[in-house]
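**Student:** Kindly generate the corresponding structure for this input.
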Amino acid sequence: MGHSYDVTESWHQSTGAELATHVVSLGRSLWRDDGARRAQMRSDLSRYEGFRIASLDPAGYRSGGPMYVDTVDGGEVRVRWNICRSLVDAATAKVAGTQQPKVQFVCSNADWRTRRKAPKLDAFIEGLWGTRQEPFHDIWELGAHAFRDAAVCEIGFIKAEADVDQGAVVHTKPMPWEILVDANDSSRGNPRHMWHVYGDTRDNLKALHPESADYIDGARIRDPGEDSFAGKVDAKVVERVWVYEWWSLPTGPDSPGKHVKALDSSGSPLIEEKWERSSFPFAIVRWSRAMQGFGGTSLVREASEISDELNDVIHRMSRCIHLTSMANIFAPEAAGLGEKLKDNEDCKVTEYAGQMPPMVQNPAPFGQEHMQWVQLQKSMAFEMTGVSQQSATANKQPGIEAASAIRLVADIQSERFSLPWRAYQGMYVELARHDIACVRELAEKDKDFAAKWPGEGFLKTIKWADADLDDDLYSIRISEAPSLKGTAAERMQTAQEMFGAGMLSQDAFLAIQRYKDLPGELDGSSRQRSLISQYIENWLDATPEQYESGELREGVPLFRPPIRWMRLEDALLQVAEAYMQAQLDEAPDEAQDLMLRWIEMADSEIQKREERMAALRAQGSRALNVGAAEGPPAPPAEGQPPV
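**Tutor:** I've put the predicted structure just below:
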């Protein structure tokens, strides 16, 4: 369907109430054009939920009845096996439930001070994401629900906004059907205009935009697809009005885009501002992207025909059980069994004249072929969508017995999910870009804006001013899973490299060998490791003035020597790893010198400890030798107590 407004016209150059009218009119037109897509989403959502949803409005969940699907002969059967929900939940658990993607900012062609900000920016974004995202616990739980939206309704969104009044980045999850684009504008999948059409309460809008209270009170209550005005309604707990939010992307440095937030009412919009970002404020994930256009295909739609066939067969088998799996009794009329068993639904009596004895038959309701067909349809549902039956049912697949075969099935499934997996991770890369833009808006008002990062075993405050990087100085990627530190192999490899380079003494190397089997003992959260990490950060982040004065701040030394009762082998290796990384990163010579000085002092302390232990062992050995030379003590004289 088409609409009477063309987004290529100069209407978006207008301002004020005229622009708001265009935004609302176009949004309503696109909403009507999107009716078929919403109907498909409602059907897919009904299949997932297992009951018929009357509408996509929140009240639609209350008025729905049992879910029925069409059959081959044109009838309807009730859904008994909700295989669509099983597939979606298994896929969501496989992709979004087994990972918490974190982003990494990679700098290149930048000086040391600039590159040092990259790990702080990593931690800053992780701190933002770790906070509660109402009504979800954190950003990863929110992202998992967005991925489920994509599996059910083809596409999922996370919206990132800067709430200047609250001083926070707000993440919300729009419903998939609330986001609208023009078909012509999005033919290649990259539209320049986007609408977010959604319902919100007057009270909430007034709290966000107190200066526009009259405009909000005048907003009409009507569905975007309705041409007639519904008028005022009876008193309710809250009144929802429709909000039309529109973004236009910039076309060049001198042609910024626009962001407008308007209501179905006459007056100036709630928001009218320039939009300078190169993308819309949504992080997007799709289950399977369409060949053309902005949308895609959902997992539920992929499995819908198989699900219908499966439920049709199950319905017919159920009828067979109820109608034909009863006892058929052939009895003479004189026996009177027909009258006696007339109310028994599990028995059918056929009477005849004569005196032949009664006969009972129990025919099978269906054959083995029916069960084979059911199993085939069930297997095809998993094979066609790539979801492992083992994951969906928490059981291994039939015939898969060997551990190697089970691992192979898991590997194949991971390959099948590689595209949704990458799409899910890419959503977080996109979200990181939006969050940085939002934080910059907040930092303009609050210069001390900071995030709490729960790293290294303690909650650390990271100021945005210490982490901010220009966009052209970094690229964003998903952080790879770090290798485990503190393992025996890791410790020995580092020790061998340091010993080979002449940076460790033989005594220290032998001590590390002797303790190589000790576990990391809460490697990332132990007090010793946290303390050493703080030393390293102070050395790397110190300014030239701090290097020269030797003080981190007044009265606090920049360099602290090793503590004798530390587990020096672990501490030495931790600083040694940081020293080698600092060399690779071309850290300031002053920082490297402090690390090397600390390593040498720890090495010296290990040697002294080994010397003391050797002296004690030698002293004990001499005492044993003297005792052996003197022989055993003489027996006590008669009447004397033993010595």
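**Student:** Going by C-alpha atoms from here, please, whenever you check contacts or count neighbours.
**Tutor:** OK.
**Student:** Surely residue 46 is in a strand?
**Tutor:** No. Read with DSSP: H, G, I helix; E, B strand; the rest coil, residue 46 is helix and lies in no strand.
**Student:** okay, now it: neighbour count?
**Tutor:** By the measure other Cα atoms under 10 Å, the count of residues near residue 46 is 22.
**Student:** ok, it - contacts?
**Tutor:** 52-53, 67 (Cα atoms under 8 Å, 6 or more residues apart in numbering).
**Student:** Columns distance to residue 369 on top of those, output as TSV?
**Tutor:** Output for those, formatted as TSV (distance: Cα to Cα, whole Å):
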residue	distance to residue 369
52	31
53	35
67	27
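**Student:** Most neighbours among those, which one?
**Tutor:** In the contacts of residue 46, the most neighbours by other Cα under 10 Å go to residue 53, 24 neighbours.
**Student:** check which helix or strand covers that one.
**Tutor:** Using DSSP states H and E, residue 53 maps to neither a helix nor a strand.
**Student:** Distance check, the residue most central in space within the chain against residue 87.
**Tutor:** Closest residue to the average C-alpha location of the chain: residue 140 at 3.5 Å, with Cα atoms, centre = their mean. Separation of residue 140 from residue 87 (Cα to Cα, to the nearest Å): 21 Å.
**Student:** got the residue ranges for the helices in the stretch 451-600 of the chain?
**Tutor:** 464-467, 488-500, 506-514, 527-541, 544-549, 568-584, 589-630 (DSSP state H, counting those that start in this stretch).
**Student:** Now the first one: average pLDDT?
**Tutor:** This predicted structure assigns helix 464-467 an average pLDDT of 90.
**Student:** And for the second one?
**Tutor:** Per-region confidence: helix 488-500 scores 68 on mean pLDDT.
**Student:** returning to what we had before: quick check, the residue nearest to the centre of the chain in a strand?
**Tutor:** No. Judged by three-state DSSP, residue 140 forms no part of a strand; its state is helix.
**Student:** Name the SS class of the nearest residue to it once chain neighbours are set aside, please.
**Tutor:** Excluding the flanking residues, the one nearest residue 140 by Cα to Cα, 6 or more residues apart in numbering is residue 100, at 6.1 Å. Residue 100 carries the three-state label coil when classified by three-state DSSP.
**Student:** residues touching the closest residue to residue 212 other than its chain neighbours, list them.
**Tutor:** Of all residues not flanking residue 212 in the chain, residue 270 sits nearest, at 6.6 Å (Cα to Cα, 6+ apart). Residue 270 makes contact with 209, 212, 260-263, according to Cα under 8 Å, 6+ apart.
**Student:** Dump those residues into a markdown table; add secondary structure as well.
**Tutor:** Listed next are the contacts of residue 270 as a markdown table, based on three-state DSSP:
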| residue | secondary structure |
| --- | --- |
| 209 | coil |
| 212 | helix |
| 260 | strand |
| 261 | strand |
| 262 | strand |
| 263 | strand |
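**Student:** export these to a markdown table and tack on pLDDT?
**Tutor:** Converted to a markdown table, the contacts of residue 270 look like this (pLDDT from 0 to 100):
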| residue | pLDDT |
| --- | --- |
| 209 | 90 |
| 212 | 90 |
| 260 | 96 |
| 261 | 96 |
| 262 | 95 |
| 263 | 94 |
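**Student:** among the residues you listed, who's most crowded?
**Tutor:** Counting neighbours by other Cα under 10 Å, residue 262 comes out on top of the contacts of residue 270 with 29 neighbours.
**Student:** Pull up the gap between the closest residue to that one other than its chain neighbours and residue 260, please.
**Tutor:** In space, and not counting its chain neighbours, residue 262 is closest to residue 269: 4.5 Å by Cα to Cα, 6+ apart. Noted for residue 269: a distance of 7 Å to residue 260, by Cα to Cα.
**Student:** Repeat that for residue 139.
**Tutor:** From residue 139 to residue 260 the distance is 26 Å (Cα to Cα).
**Student:** Now do residue 536: how many residues are near it, please.
**Tutor:** 21.
**Student:** returning to what we had before: closest to residue 352 among the contacts of residue 270?
**Tutor:** Closest to residue 352 out of the contacts of residue 270 is residue 263 (78.8 Å), distances taken as Cα to Cα.
**Student:** The closest one touches residue 271, doesn't it?
**Tutor:** No. Applying Cα atoms under 8 Å as the test, residue 263 and residue 271 come out as separate, 10.4 Å apart.
**Student:** residue ranges with poor pLDDT in the stretch 101-250 of the chain?
**Tutor:** 109-110, 226-236 (pLDDT under 70).
**Student:** what ranges do the helices span in it?
**Tutor:** Assigned by DSSP H, counting those that start in this stretch, the helices in the stretch 101-250 of the chain fall at 112-115, 117-129, 139-153, 202-208, 213-217.
**Student:** tell me the angle the one helix or strand residue 440 maps to makes with helix 139-153.
**Tutor:** Take DSSP H and E as the rule and residue 440 turns out to sit in helix 418-445. Using axes from the mean of the first three to the mean of the last three Cα atoms, to 10 degrees, the inter-axis angle of helix 418-445 relative to helix 139-153 is 130 degrees.
**Student:** Would you mark the buried spots in helix 418-445?
**Tutor:** By neighbour count with 16 or more other Cα atoms under 10 Å, helix 418-445 contains the buried residues 420-421, 423-443.
**Student:** and that helix, how far from the chain's centre?
**Tutor:** 12 Å (Cα atoms, centre = their mean, to the nearest Å).
**Student:** same question for it, mean pLDDT?
**Tutor:** Average pLDDT, helix 418-445: 92.
**Student:** What helices and strands are in contact with that helix?
**Tutor:** Applying 3 or more Cα pairs under 8 Å, 6 or more residues apart in numbering; DSSP states H and E, one finds that helix 418-445 contacts helix 83-95, strand 103-107, strand 155-163, strand 168-172, strand 282-286, strand 474-478.
**Student:** Show me what the helix or strand following the fifth one is packed against.
**Tutor:** If I follow you right, that is strand 282-286. Where DSSP H and E defines the elements, the next helix or strand beyond strand 282-286 is strand 288-289. On a contact count with 3+ Cα pairs under 8 Å, 6+ apart, strand 288-289 meets strand 296-297.
**Student:** can you give me the offset of the strand it packs on from its chain's centre?
**Tutor:** Put simply, strand 296-297 sits 20 Å off its chain's centre (Cα atoms, centre = their mean).
**Student:** Let's verify residue 354: helix, strand, or coil?
**Tutor:** Residue 354 is classified as coil under three-state DSSP.
**Student:** Excluding chain neighbours, what is closest to it?
**Tutor:** Leaving aside its chain neighbours, residue 354 sits nearest to residue 332 (5.9 Å; criterion: Cα to Cα, 6+ apart).
**Student:** Can you pull the phi and psi angles for that neighbour?
**Tutor:** Main-chain dihedrals, residue 332, degrees, to the nearest 10: phi -70, psi 150.
**Student:** That one: what's it in contact with?
**Tutor:** Residue 332 sits next to 351-358 when contact means Cα under 8 Å, 6+ apart.
**Student:** will you turn the residues you listed into JSON lines that also has neighbour count and pLDDT?
**Tutor:** Shown next, in JSON lines, are those (neighbours: other Cα atoms under 10 Å; pLDDT from 0 to 100):
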{"residue": "351", "neighbour count": "17", "pLDDT": "80"}
{"residue": "352", "neighbour count": "13", "pLDDT": "79"}
{"residue": "353", "neighbour count": "9", "pLDDT": "81"}
{"residue": "354", "neighbour count": "10", "pLDDT": "76"}
{"residue": "355", "neighbour count": "11", "pLDDT": "75"}
{"residue": "356", "neighbour count": "10", "pLDDT": "78"}
{"residue": "357", "neighbour count": "9", "pLDDT": "78"}
{"residue": "358", "neighbour count": "15", "pLDDT": "75"}
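**Student:** so where's the stretch 301-450 of the chain shaky on pLDDT?
**Tutor:** Ranges of the stretch 301-450 of the chain meeting pLDDT under 70: 322-326, 342-346, 361-365, 367, 381, 383-386, 388-416.
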